[in-house]
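**Student:** Sequence first, predicted model second:
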Amino acid sequence: MKKYFFFILMISVATFFSCTKNVNVNVNSKYTQPMLVLNSLLQPDSNAIVQVSKSTSALDGSTPTIVVDAAVELWEDGKFKTNCINAGNGFYTTTYKPLVSHTYTFKAHENGMTDVDGTTTIPSLSMISIISVDTTAEDVTIQINDPGGNEYYSFDLTTVDTFGYTNNLQLYTDNTMLLDNTSSPAFSFGRHGNRKLHRIPNYVSNQLFIGQSNQYVLSFNTDNGGHVGHGGFQPPPQPLPIGTYYLKVSNISAEIYKYFKTVDGSTNPNPFAEPTQIYSNVNNGLGIVGSRNNQTYFILKK
């Protein structure tokens, strides 16, 4: 019996070592060499500003560093507009406010690094109106008159209480035209009975309602028992917390939409979801240069 066990053991050891070999892993140099990183969100009512930092190798555990001595330029519609001023902490700014429907490019140069640039076009505003607010069901109905073409939207519902504290509320909807891009397709039951608009910033594409004029119901909850919902378990209605409610609807650029979509996918809790690479529109570097145009509505005061 001992001889038999020793024989099996030797076969196992021989099999293990015969199947073991050294494997050389080639990592793309894009992720091993430091690169400049540009991050900017342009808005027509704010000064143009961009943050410049430097990435680290994928094999390096250190954190990215800000760049304090870069030369940064702002270009408008392919023509030089102005130099950006170092405002500290890696931020470079100008006093210039971008214009709607114009295209802007940040170009950054740092000694010893490859020059980078990122471009975005400021989106125009779509015609959006508030139709009604249901304080019992906690629903707000909006109408979007979509202009056609590729349009992207994001929604942000914020409450400001009497002490000045703000709270961003998760939005829900039953309308499938606002859910065509969700990476979390499972229904959300419980006190809602409908689906989260998105886990990141409530972003949507107009691909299912291009050029249409439609009304959409956005549901929200103000506390753990507050949402009556449109199906599933419905708890007793709770009074809305005292405060002021604002709904911000933004037309966002394609770059911001793609960035949100990949961030949403990369943080998807579904263990079977495919890995997602974060979108970047910075040439020769990393980061995101995008834009948005906001409409903010006062919808409720308690």
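**Tutor:** Structure's in. What do you need? Residues are numbered from 1 along each chain as shown.

**Student:** So, low pLDDT: which residues of the stretch 201-302 of the chain?
**Tutor:** Where the stretch 201-302 of the chain drops to pLDDT under 70, the residues are 201, 223-239, 267-275.

**Student:** run the last query once more with 50
**Tutor:** 224-232 (pLDDT under 50).

**Student:** Do a quick rundown of the helices in it.
**Tutor:** Applying DSSP state H, counting those that start in this stretch to the stretch 201-302 of the chain gives helices spanning 254-266.

**Student:** Quick one: the strands in it, in order.
**Tutor:** Counting by DSSP state E, counting those that start in this stretch, the stretch 201-302 of the chain has strands at residues 203-205, 213-220, 244-252, 282-283, 286-301.

**Student:** buried set for the third one?
**Tutor:** Residues of strand 244-252 classed as buried under the neighbour-count rule (16 or more other Cβ atoms under 10 Å) are 245-252. C-beta: built from backbone N, CA, C; applies to glycine.

**Student:** got a list of what residue 82 touches?
**Tutor:** Residue 82 is in contact with 73-74, 94, 96, counting by Cβ atoms under 8 Å, 6 or more residues apart in numbering.

**Student:** If we use 7 Å, what do you get?
**Tutor:** 74, 94, 96 (Cβ atoms under 7 Å, 6 or more residues apart in numbering).

**Student:** Residue 217 now?
**Tutor:** By Cβ under 7 Å, 6+ apart, the contact set of residue 217 is 139, 141, 173-175.

**Student:** again, only this time at 10 Å
**Tutor:** 131-132, 134, 137, 139-142, 172-175, 178, 194, 230 (Cβ atoms under 10 Å, 6 or more residues apart in numbering).

**Student:** Give me the phi and psi angles of residue 47.
**Tutor:** phi -60, psi 140 (degrees, to the nearest 10).

**Student:** Next one: it, what pLDDT does it get?
**Tutor:** Per-residue confidence at residue 47 stands at 97 (pLDDT).

**Student:** That one touches residue 97, doesn't it?
**Tutor:** Yes. Between residue 47 and residue 97 there is a contact at 6.0 Å, judged by Cβ atoms under 10 Å.

**Student:** between the two, what contacts are shared?
**Tutor:** By Cβ under 10 Å, 6+ apart, no residue touches both residue 47 and residue 97.

**Student:** burial count for residue 153?
**Tutor:** Residue neighbour count, defined by other Cβ atoms under 10 Å, stands at 21 for residue 153.

**Student:** Check the one 4 residues further on too.
**Tutor:** Using other Cβ under 10 Å, residue 157 has 23 other residues around it.

**Student:** go on, residue 76?
**Tutor:** Around residue 76 there are 16 residues (other Cβ under 10 Å).

**Student:** just residue 159 next, same as before
**Tutor:** There are 20 residues near residue 159, going by other Cβ under 10 Å.

**Student:** what residues are up against it?
**Tutor:** So residue 159 contacts 165-169, 220, 222, 240-246, 300, 302 (Cβ under 10 Å, 6+ apart).

**Student:** with those residues in mind, which one is nearest to residue 108?
**Tutor:** For the contacts of residue 159, the closest approach to residue 108 (Cβ to Cβ) belongs to residue 168, at 31.4 Å.

**Student:** contacting residues around the closest one?
**Tutor:** Residue 168 makes contact with 156-159, 201-202, 248, according to Cβ under 10 Å, 6+ apart.

**Student:** out of the contacts of residue 82, who's nearest residue 104?
**Tutor:** residue 74 (6.5 Å).

**Student:** The residue nearest to the closest one when sequence neighbours are not counted: what secondary structure?
**Tutor:** Leaving out its chain neighbours, the residue that sits closest to residue 74 by Cβ to Cβ, 6 or more residues apart in numbering is residue 81, at 4.7 Å. Following DSSP: H, G, I helix; E, B strand; the rest coil, we place residue 81 in the strand state.

**Student:** Sounds good, over and out.
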